[in-house]
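> Quick one: sequence and predicted model below, then my questions.
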Amino acid sequence: MADPFTELIPGVLVATAVPCTTTSTVVIGPERSCLVIDPAFTAQEVAGLAAALGARGLRPVAGWATHPHWDHLLWHAGLGDVPRYATPVCALTAVSWREDMLMTLASKPGHDQELFGVVTPLAATSIPWDGPAVQVIAHDAHAPGHGALFLPDSGVLIAGDMCSDIEMPLLDRDVPDPVGDYRTGLSRLAATAGDVRFVVPGHGHVGDSAELRRRIAADLAYLDAVERGEPAQDPRITGWLVAEHDAQLAYVRGLAR
C-alpha cells in the first residue's frame with residue numbers, strides 16, 4: 001500500500017481517506033515520536049496509516065480524538081498501546097454512545113472493536129507529550145466535547161469536523177441551542193485565525209489562513225440563513241447533505257415555534 005501521507009509542513013503529516021474525504025493528521029515529536037489525530041476511515045486505510053508510520057520510522061506515543069463520532073474514534077494495534085486523549089465531555093459521550101456506534105461499526109468490516117472508542121479524558125488545555133506544543137480548543141459545536149487542536153509554533157489548526165470546504169455546518173440536533181453552540185465553536189476557532197497558516201478540516205481539503213477566514217464567513221452565513229428559516233444558498237449543499245440541510249432547517253424552525 002502506498003504511503004498515504006503528504007507533508008503539510010516539516011513535522012506535520014496529513015493523509016486523506018477516500019470515503020468522505022476524511023483527514024488524519026500526525027504531528028512529529030523528538031526521537032521520531034508522533035501524535036496521531038483521528039486515524040480513519042476504512043479498516044484498510046487505518047491499517048495503512050499504521051504501516052506507513054512504521055515505514056517512516058515514526059513511533060506513536062499518543063492519540064487524539066477530536067469528537068465522539070465513530071469515524072473519529074478508530075484505532076489499530078499497529079499504532080501502539082498508547083494514551084488516546086479526548087476532551088472529558090467527548091470521552092464521556094463516547095462511553096454513552098458506544099453500543100449504538102458499535103452497531104454502526106458492524107457494517108464497516110475489519111475495524112478492531114476492542115480498541116474502538118477507548119479514549120482518556122484530558123481536562124488540560126494542551127496535549128501532555130514531549131513534542132511541539134499542541135493546544136486544545138474545546139467546544140460543543142457539531143458534537144459534545146469537540147476538541148480542535150492548534151499548533152502555535154507552526155500555525156496549523158486541526159479543526160475536527162468544522163471549517164470544511166465540502167460540508168456546511170452540521171449541527172448537533174440533540175441539544176437545546178445547536179446554532180448557538182456552533183457559533184461559540186466558530187468563535188473559538190476564529191480566535192486563532194490571525195496565527196493560522198493552515199487549517200485541516202476533518203472532512204475536506206487543507207486551506208491557508210485566507211481560506212480559513214472564508215470558510216468561517218461561509219459557515220456564519222449558513223447559520224444566519226438557517227436561523228431565518230430560509231433555504232441556504234451554499235454550494236456545499238450537495239448529495240447527502242441536501243437531506244441533512246433540510247432536516248437542520250426543519251429542526252431550527254421547530255425550535256423557533
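Yes, it's here.
> Wait, V118 touches R84, no?
Yes: counting by Cβ atoms under 8 Å, V118 touches R84, with 6.3 Å between them. (Each C-beta comes from the backbone N, C-alpha and C, glycine too.)
> Name the residues contacting each of these two.
Both V118 and R84 are in contact with W75, where contact means Cβ atoms under 8 Å, 6 or more residues apart in numbering.
> Show me which of these two is the more surrounded one.
Set V118 next to R84 and count neighbours by other Cβ atoms under 10 Å: R84 wins out with 23 against 18.
> what secondary structure does the nearest residue in space to that one that is not next to it in sequence sit in?
Closest residue to R84 apart from its sequence neighbours, by Cβ to Cβ, 6 or more residues apart in numbering: G63 at 3.7 Å. Under DSSP: H, G, I helix; E, B strand; the rest coil, the three-state class of G63 is strand.
> now the residue nearest the centre of the chain, which residues is it bridged with?
With distances taken as Cα atoms, centre = their mean, G160 lies nearest the centre of the chain, 2.1 Å away. For G160, the beta-bridge partners under DSSP bridges are P201.
> That one and V26: what is the separation?
16 Å (Cβ to Cβ, to the nearest Å).
> Same check on R214?
For R214 relative to V26 (Cβ to Cβ), the value is 26 Å.
> swap in A94?
Computed as Cβ to Cβ, the A94 to V26 distance reads 21 Å.
> average pLDDT across stretch 71-89?
Taken as a whole, stretch 71-89 has a mean pLDDT of 98.
> quick one: buried residues of that stretch?
By neighbour count on 16 or more other Cβ atoms under 10 Å, the buried set for stretch 71-89 is 71-76, 79-80, 82, 84-87, 89.
> shouldn't the residue nearest to the centre of the chain be in contact with F150?
No: counting by Cβ under 8 Å, F150 is not a contact partner of G160; they are 11.4 Å apart.
> mind listing the strands for the stretch 151-257 of the chain?
156-160, 198-201, 207-208 (DSSP state E, counting those that start in this stretch).
> Highest mean neighbour count out of those?
Comparing these by mean neighbour count (mean count of other Cβ atoms under 10 Å), strand 156-160 comes out on top with a mean of 27.
> Quick check: P39 is in a strand.
No: per three-state DSSP, P39 lies outside any strand segment and is coil.
> That one: neighbour count?
Applying other Cβ under 10 Å, we find 29 residues neighbouring P39.
> so what's G54 up against?
G54 touches G78, counting by Cβ under 8 Å, 6+ apart.
> mind checking the SS state of it?
From three-state DSSP, the assignment for G54 is helix.
> circling back to that earlier point, how about the strands of the stretch 151-257 of the chain, which one is nearest A2?
Closest approach to A2 among the strands of the stretch 151-257 of the chain (Cβ to Cβ): strand 198-201, 20.4 Å.
> Please, where are all the strands along the stretch 1-150 of the chain?
Here the stretch 1-150 of the chain has its strands, by DSSP E, counting those that start in this stretch, at 5-9, 12-16, 23-28, 33-37, 59-64, 84-86, 120-121, 135-139, 146-151.
> okay, these in JSON lines with distance to S209 next?
Shown next, in JSON lines, are the strands of the stretch 1-150 of the chain (distance: least, Cβ to Cβ, whole Å):
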{"stretch": "strand 5-9", "distance to S209": "13"}
{"stretch": "strand 12-16", "distance to S209": "15"}
{"stretch": "strand 23-28", "distance to S209": "17"}
{"stretch": "strand 33-37", "distance to S209": "20"}
{"stretch": "strand 59-64", "distance to S209": "23"}
{"stretch": "strand 84-86", "distance to S209": "27"}
{"stretch": "strand 120-121", "distance to S209": "32"}
{"stretch": "strand 135-139", "distance to S209": "16"}
{"stretch": "strand 146-151", "distance to S209": "13"}
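> I'd like to know which of those strands is closest to T192.
Among these, the nearest to T192 by Cβ to Cβ is strand 146-151 (5.1 Å).
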